[in-house]
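>>> got a sequence here, can you model it:
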Amino acid sequence: MTEKMRGVIEMASAMVISGTIGLFVVLSGQPVTSVVFWRCVFGAAILLPICAAMGFFRLGIMSRKQLGFAVLGGMAIVTNWLLLFAAYPRASISIATAVYNTQPFMLVAMGAVFLSERLTLNKMVWLAISFVGTLAIIYAKPGAGYSGENYLAGIALALAAAFFYAVAAIIAKTLKGVPPQLIALIQVVTGIFLLLPFSADGPRIEAQAWMMLVTLGVVHTGLMYILLYGAIQKLPTNLTGSLSFIYPVAAIMIDRIAFGHHLQPLQIIGVVAILAAAAGSTLGWSVVPRLKAKRDASGETSRSALVTGYLSGVCQCCLFSAVRQPEHHGHLRWRPSDRC
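Numbers count the residues shown, from 1 in each chain. The predicted model follows:
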């Protein structure tokens, strides 16, 4: 088996695992604060020995300023998880996941405002398509089992989760050179301290719920991180971005199989519009032919296209974000650092 094929299998496996997060969150039956807290605890238990084995606890590996930014990013990621997990039972896993896929466009907007990144007409067209898709979902009739108020609240929570993920991604750009495993560990430890006061006196957790929580921490955080990080080392950015769309498709299928949730016609239109816009932005599709992404002498795509491409799929429900790292032969690759 070639290295590229191993990377494809690792990436696909990581995205399928990501697609089942909502299932385990809902089946746990626990408050979202408890779910996120225990995900952080079990995730830290996996990441701690990894960081120790790789020698990431030595002095000077990161500055105090970078540590502060990593903690701040952790606060944004934890808030992201809380909001997204709260959206699942209100709007359904399918709708929450689709609406959450608007986060790359929030990131593009933030990049234009705070980092002076160029916002092209092509990106604005994809942004408009995503916005129309979101409006279609908002105006759609909720499926059986979802009341109008809860449905709209779920959509709002998913949008807020996407916003805080984009905030975390912007913060991550200040952490160049810091090992992504260490960033992830700092963020889950931050989550433990943030949520401990809200989880210490939580409801009694039954054995089945413990199984769900342990799985969320060990499989959906630790194992998925290992698979994802391994895949990104082996695959080109465009293939990574393409495979990342297994995640929302898997989530929608799991929602239908496990909970019998069928999307309404207008919801289907909205979901397709959002995912198509995210794919178009990620893979560099040009709505206007003359506005195709320009390439430099080394053949790499524009910086903003790479950011949007990597963040739109790979980092949606895990501990990662984009940290730009040089690779050999003049190419650039985006490595995970903080993603869910």
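>>> in the chain, which helix or strand is least confident?
In the chain, no helix or strand scores lower on mean pLDDT, DSSP states H and E than helix 303-313, which sits at a mean of 34.
>>> residues in contact with Val41?
188, 192, 217 (Cβ atoms under 8 Å, 6 or more residues apart in numbering). All C-beta atoms are positioned from the backbone trio N, CA, C, and that covers glycine.
>>> just among these, which is most surrounded?
Neighbours here mean other Cβ atoms under 10 Å. Within these, the largest count is held by Val188, at 27 neighbours.
>>> buried set for the helix or strand Asn122 falls within?
According to DSSP states H and E, Asn122 maps onto helix 121-139. The neighbour-count check on helix 121-139 (16 or more other Cβ atoms under 10 Å) flags 122-123, 125-127, 129-130, 133-134, 136-138 as buried.
>>> element containing Gln208, please.
Using DSSP H and E, the element containing Gln208 is helix 207-217.
>>> okay, that helix in CSV with CA atoms only?
Taking Å, rounded to 0.1, in the frame of the first residue of the first chain, the C-alpha atoms of helix 207-217 are listed here in CSV:
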residue,chain,number,x,y,z
ALA,A,207,-22.8,3.2,32.7
GLN,A,208,-24.1,3.7,29.1
ALA,A,209,-23.5,7.4,29.3
TRP,A,210,-19.9,6.8,30.5
MET,A,211,-19.3,4.7,27.4
MET,A,212,-20.4,7.5,25.2
LEU,A,213,-18.3,10.1,27.0
VAL,A,214,-15.2,7.9,27.0
THR,A,215,-15.6,7.3,23.3
LEU,A,216,-16.0,11.0,22.6
GLY,A,217,-12.7,11.6,24.4
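>>> how far does it sit from its chain's centre?
Chain-centre distance of helix 207-217: 21 Å, with Cα atoms, centre = their mean, to the nearest Å.
>>> who touches it?
With Cβ under 8 Å, 6+ apart, helix 207-217 has contacts from 21, 24-25, 27-30, 34-35, 38-43, 45-46, 205.
>>> setting aside sequence neighbours, what's the nearest residue to Met75?
Nearest residue to Met75 in three dimensions, chain neighbours excluded: Thr190, at 6.2 Å (Cβ to Cβ, 6 or more residues apart in numbering).
>>> distance of that neighbour relative to Pro197?
Using Cβ to Cβ, to the nearest Å, we find Thr190 at a distance of 14 Å from Pro197.
>>> the two: which is more packed in?
Relative neighbour count places Thr190 above the other of Thr190 and Pro197, with 21 against 10, counting by other Cβ under 10 Å.
>>> wait, that one sits on Gly74?
Yes: taking contacts as Cβ atoms under 8 Å, Thr190 lies within contact range of Gly74: 3.2 Å.
>>> do a quick rundown of the strands in the stretch 201-340 of the chain.
Under the criterion DSSP state E, counting those that start in this stretch, the stretch 201-340 of the chain contains strands at 323-326, 332-335.
>>> what angle sits between the next helix or strand after the helix holding Asn122 and helix 121-139?
Tracing the chain C-terminally past helix 121-139 and defining elements by DSSP H and E, one meets helix 148-172 next. If you take axes from the mean of the first three to the mean of the last three Cα atoms, to 10 degrees, helix 148-172 sits at 150 degrees to helix 121-139.
>>> output the contacting helices and strands for helix 148-172.
Helix 148-172 sits against helix 64-91, helix 93-100, helix 103-114, helix 121-139, with contacts defined as 3 or more Cβ pairs under 8 Å, 6 or more residues apart in numbering; DSSP states H and E.
>>> any idea of the mean pLDDT in that helix?
Helix 148-172 carries an average pLDDT of 88.
>>> buried set for it?
151, 154-172.
>>> repeat that for stretch 102-114.
By neighbour count with 16+ other Cβ under 10 Å, stretch 102-114 contains the buried residues 102-112.
>>> what residue ranges in the stretch 51-200 of the chain score low on pLDDT?
Counting by pLDDT under 70, the ranges of the stretch 51-200 of the chain that qualify are 141-148, 200.
>>> can we see that at 50?
Nowhere does the stretch 51-200 of the chain drop to pLDDT under 50.
>>> what does stretch 76-89 contact?
22, 25-26, 32-33, 35-36, 39-40, 96, 99-100, 154-155, 157-158, 160-161, 164-165, 167-168, 171, 187, 190-191, 194-195, 317, 319, 338-340.
>>> please repeat the previous calculation with a cut-off of 7 Å.
22, 25-26, 32-33, 35-36, 96, 100, 154, 157-158, 160-161, 164-165, 167-168, 171, 187, 190-191, 194, 319, 338, 340 (Cβ atoms under 7 Å, 6 or more residues apart in numbering).
>>> doesn't Gln30 belong to a strand?
No: remark: Gln30 does not belong to a strand; assigned using DSSP: H, G, I helix; E, B strand; the rest coil, it is coil.
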